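1. fold the stuff below for me.
(chains A and B)
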Amino acid sequence: MNTLLNLAVAAVLAGTPLLLGTLGEILTEKSGNINLGVEGMMFMGAIAGLAAPYLYEQQVLLVGSTPSKLAGAFLALAASFLAGALGALIYGFLTITLRANQNVTGLTLTIFGTGIGNFFGEYLGSQAGGYVALGDELKAAFANLSIPGLSQIPVIGKLFFQYNWVVYFAIVLALCMNHFFQRTRVGLNLRAVGEDPATADAAGINVTRYKYAATVIGGGICGIGGMYMSMVTTSGVWVYNCVSGYGWLAVALVIFATWNPARALLAALIFGGLTVLRLYLRIPGMPMQIYEMFPYIATILVLIVTSIRQSRENVQPKSCGKNYFREER
Amino acid sequence: MDGHTLDYAVQMKNITKFFGTVTANHQVSLELRNGEILALLGENGSGKTTLMNMLSGIYFPDSGTIKIRGREVTIRSPRDAFELGIGMIHQHYKLVEPLTAAENIVLGLPGGMYVNRRQVNEKVREISRRYQFDLNPKKKIYSMSVSEKQTVEILKALYRGAEILILDEPTAVLTPQETEKLFTVLRNMKEDGKSIIIITHKLHEVLAISDRVTILRKGEYIGTVETAAATQEDLTEKMVGRPISLEIERPKTQRGEEMLKVVDLTCLRPDRVKALNKVSFSAYAGEILGIAGIAGSGQKELCEAIAGLYPVSGGSILYNCQTDGTQVMENIVGQRSDQIYRKGISMAFVPEDRLGMGLVGSMDMVDNVMLRSYRRNPGIFVDRKKPKEISEKLIRDLEIQTPGVHTPVRRLSGGNVQKILLGREIAYEPLVLVVAYPVRGLDINSSYKIYDMLGEQKKKGVAVIFVGEDLDVLMEISDRILVLCGGKVSGVVKPEETTKEKLGLMMLRVTQDEEVIE
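-> Coordinates of the predicted model:
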């Protein structure tokens, strides 16, 4: 029972960066752009999200005062969002304005972002004399919350009320995004852009603007997912290759979640659980490598199942992967 | 502003538009009076749609002026067009399939953060009542019929307060009954003071619905006439540039042997719905069997099943063929296309998707011709000489306009592509020839050339199966017409013993009492 509870908590913690990556990619794909650069944007978000509070801390320590937790958290959030958005902006400029192939551009962005993340991570590390690590004060900004009363309830408190703030941020974001697609006018227009840009265009929707906005904001959300990796998963220490395939899992989770942000919650929880399973469920004689394969095997199974299922709804937006050019004949 | 210009809803003057080096419109002018229905007549590729797209903000003219209600305007985007009260119903409907009718109607409209669905539904119902439409605003587009989709398109324009409506070939996909319903709606809208432009190349429709006709030919303005003073011959001559006979020749032939027998054929779509439901018929040598039906009634599946390309879940498809000197009916169900080919079944299929299924767009004529025959070549090298000879012969015989046999077929016009495809299939002398929508998108001249080629094949004793959409053409060219409705055969009739209206009714429902003519 206790193991199961611990596994559930660990699944939520491990699932959060996946959730953020998935949400960012859902938003992007809803505009008809399939951005395979999630991994790259997460790396960019990871290094920016670590570097911003780290540099802030260095400055504050220089003048001899203590860094503020709130400012550190805000800087990490804003910097990672901007870094991810910058990556997506490059992607957007290439695919939306120059109409480059989306797959190639996305893959390139992954390579680029991975390089940027690792380069600056190692660079900051060598500057700092070995490795980058945040001080305890700022680390605490990403520690588990303790909500008086709620967090102390047995089981329930542990299961729901004592995560770090990014977890709640991601869950609220998923619910808001669901509401946005289902109910709002802008959400409706965005879905139209992703399904059928020519129709959206003829209906007077500015396709280019919608595509840019969704892609850039989506990239920013992926960036926040990366920040989670460097600030929470590795507790404010730069670890080489820290994103390590989470971006790719997020791309697959978009399919698993059938482009539905609310379902992404469940998908991320399951995959989060699979990535940490080896720590909680030991089968004697099973090599560690097999455990590490679980999320990827699950991804393949998910792809098979979703490919067999034929449905007109809850599928990839129809224009995904195709660039839109109004005067094409 | 004088009173004269106020009479006009639209005045387009000296409009020119280039696509690269191609001139789509050259110095075209058009005037639409308030409260009239103007037909815009021209062959395919005459620039009708391009001209209208400049009015609806899809394209921007390279030169020329546009006045709306007497005021000169610049239309840069579809949004500008709505604001001027212009609504266009495109030939390919611009609707988002997974959304509902109401959602499509409010798409792109300014307004608050949330869409008030109840209010939208109410307003849609109110417009529907006024013009006698029939539509459920909550229905998803992908589950709608073509005619329902068209209704959504028209409502979308009206909802946005369009006073000027442009319809691009609205009747191309409708049954005669649905067309009549549409015309009633258009007349109601005209009564209500709307100004309407209808793009078409069907002459009888021009005469039935319009007040005036503007004619374009090869991107140029030819003239405008009052419909009341116009005749079909007159309009055709203006449209084509020379007088042309509108009769399709139906050569008299003796019906030969049964070449193809389809018995209780049943096929399923990927979503497990029956695309074909116990379809039975025969095709005979020396006749053209027409196949009519509303789009999506199973025509595509039927053609592909006969060609051995579509999975069959029940029934049989029997071909008359020679095996070891004896004549047998060979069942092709369950056989792969190469097995069918080796059995010596001589069948040719001209699919509706010419450049997708029929020809490889980026390859030249020689390679495309070779695709049909290279397997007969012994050895590891292919022989390009014979296909080249066939290609050159096709170009001469069929008057194919191409820079040469090595031009990628993608670069040729629709008519020439179709001539290559049909020519290639005929060159291998099939006994059964299946053609699906062979004249779709072709101009009058090319269409008549294709009809002639099919007539020739019939005279040579080929069993021709012609899947068509234009009932007038089907009735003229076919010896018998098989009508499909929802994947079932609703009857086989002789054209001289039926009327278009009866065919239209058969297309809409399966009638029990319709006798089947063998």
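
2. pLDDT weak spots in the stretch 401-518 of chain B?
-> Along the stretch 401-518 of chain B, the model assigns pLDDT under 70 to residues B:510-518.

3. try chain B
-> Using pLDDT under 70, chain B drops low at B:1-6, B:246, B:510-518.

4. for it, which residues are neighbours of chain A?
-> Selection of chain B residues close to chain A by CB under 8 Å from any CB of the partner chain yields B:19, B:56, B:58-59, B:77-79, B:82, B:88, B:90, B:94-99, B:103, B:106-109, B:111-115, B:140, B:142, B:156, B:270-271. For glycine as for every other residue, the C-beta is placed from the backbone atoms N, C-alpha and C.

5. which among those residues end up buried?
-> Buried by 16 or more other CB atoms under 10 Å in any protein chain shown: B:56, B:58-59, B:77-79, B:82, B:88, B:90, B:94-99, B:103, B:106-109, B:115, B:140, B:156, out of the residues of chain B next to chain A.

6. narrow these to those in strands?
-> Among those, the residues falling in strands (DSSP state E) are B:Met88.

7. and A:Leu175, how many neighbours?
-> As a burial measure, A:Leu175 scores 12 neighbours (other CB atoms under 10 Å in any protein chain shown).

8. could you say which helix or strand holds it?
-> helix A:165-183 (DSSP states H and E).

9. what helix or strand is B:Leu474 on?
-> Counting by DSSP H and E, B:Leu474 is found in helix B:471-477.

10. could you pull out the buried residues of that helix?
-> B:Leu471, B:Val473, B:Leu474, B:Met475, B:Glu476, B:Ile477.

11. repeat for stretch A:240-252
-> Buried residues in stretch A:240-252, counted by 16+ other CB under 10 Å: A:Cys242, A:Val243, A:Ser244, A:Tyr246, A:Gly247, A:Trp248, A:Leu249, A:Ala250, A:Val251, A:Ala252.

12. turn the residues you listed into JSON lines, columns for distance to chain B.
-> What follows is the buried residues of stretch A:240-252, written out as JSON lines (distance: CB to the nearest CB, whole Å):
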{"residue": "A:Cys242", "distance to chain B": "38"}
{"residue": "A:Val243", "distance to chain B": "33"}
{"residue": "A:Ser244", "distance to chain B": "35"}
{"residue": "A:Tyr246", "distance to chain B": "30"}
{"residue": "A:Gly247", "distance to chain B": "28"}
{"residue": "A:Trp248", "distance to chain B": "27"}
{"residue": "A:Leu249", "distance to chain B": "26"}
{"residue": "A:Ala250", "distance to chain B": "23"}
{"residue": "A:Val251", "distance to chain B": "22"}
{"residue": "A:Ala252", "distance to chain B": "22"}
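
13. the strands in chain A, which residues?
-> Under DSSP E, chain A gives no strands.

14. need the residues of it near chain B, please.
-> Checking chain A against chain B by CB under 8 Å from any CB, the hits are A:183-186, A:188-189, A:191-192, A:195-196, A:198-205, A:310, A:312-313, A:318, A:326-327, A:329.

15. give me the nearest residue to B:Val185, chain neighbours excluded.
-> Nearest residue to B:Val185, sequence neighbours excluded (CB to CB, 6 or more residues apart in numbering or on different chains): B:Tyr131, at 5.3 Å.

16. ok, that neighbour touching B:Asn188?
-> Yes: counting by CB atoms under 8 Å, B:Tyr131 sits close enough to B:Asn188 to count as a contact (4.8 Å).

17. have a look at these two and say which one is more surrounded.
-> More neighbours surround B:Tyr131 than the other of B:Tyr131 and B:Asn188, with 19 against 14 (other CB under 10 Å).

18. who's in contact with that one?
-> If you count contacts by CB atoms under 8 Å, 6 or more residues apart in numbering or on different chains, B:Tyr131 has them with B:Leu158, B:Val185, B:Asn188, B:Met189, B:Asp192.

19. same thing but at 10 Å, please
-> By CB atoms under 10 Å, 6 or more residues apart in numbering or on different chains, the contact set of B:Tyr131 is B:151, B:154-155, B:158, B:184-189, B:191-192, B:194.

20. please name the nearest non-neighbouring residue to the residue in the stretch 51-200 of chain A positioned nearest to chain B.
-> Nearest residue of the stretch 51-200 of chain A to chain B, counting by CB to the nearest CB: A:Thr199, 3.9 Å away. In this structure, A:Thr199 finds its nearest non-sequential neighbour in B:Lys94, 3.9 Å apart by CB to CB, 6+ apart.

21. again with B:Tyr437
-> The shortest distance from B:Tyr437 to any non-neighbouring residue, by CB to CB, 6+ apart, is to B:Glu352 (4.4 Å).

22. ok, how many other residues are close to A:Val237?
-> Residues lying near A:Val237 (other CB under 10 Å) number 17.

23. wouldn't the residue of the stretch 51-200 of chain A closest to chain B be in contact with B:Asn104 here?
-> Yes: between A:Thr199 and B:Asn104 there is a contact under CB atoms under 10 Å: 8.1 Å.

24. neighbour count winner among those two?
-> Between A:Thr199 and B:Asn104, B:Asn104 has the larger neighbour count (other CB under 10 Å), namely 28 against 24.

25. which residues touch that one?
-> Contacts for B:Asn104 were tallied using CB under 10 Å, 6+ apart; they are A:188, A:192, A:196, A:199, A:203, B:93-97, B:137, B:140-141, B:149, B:152-153, B:155-156, B:159.
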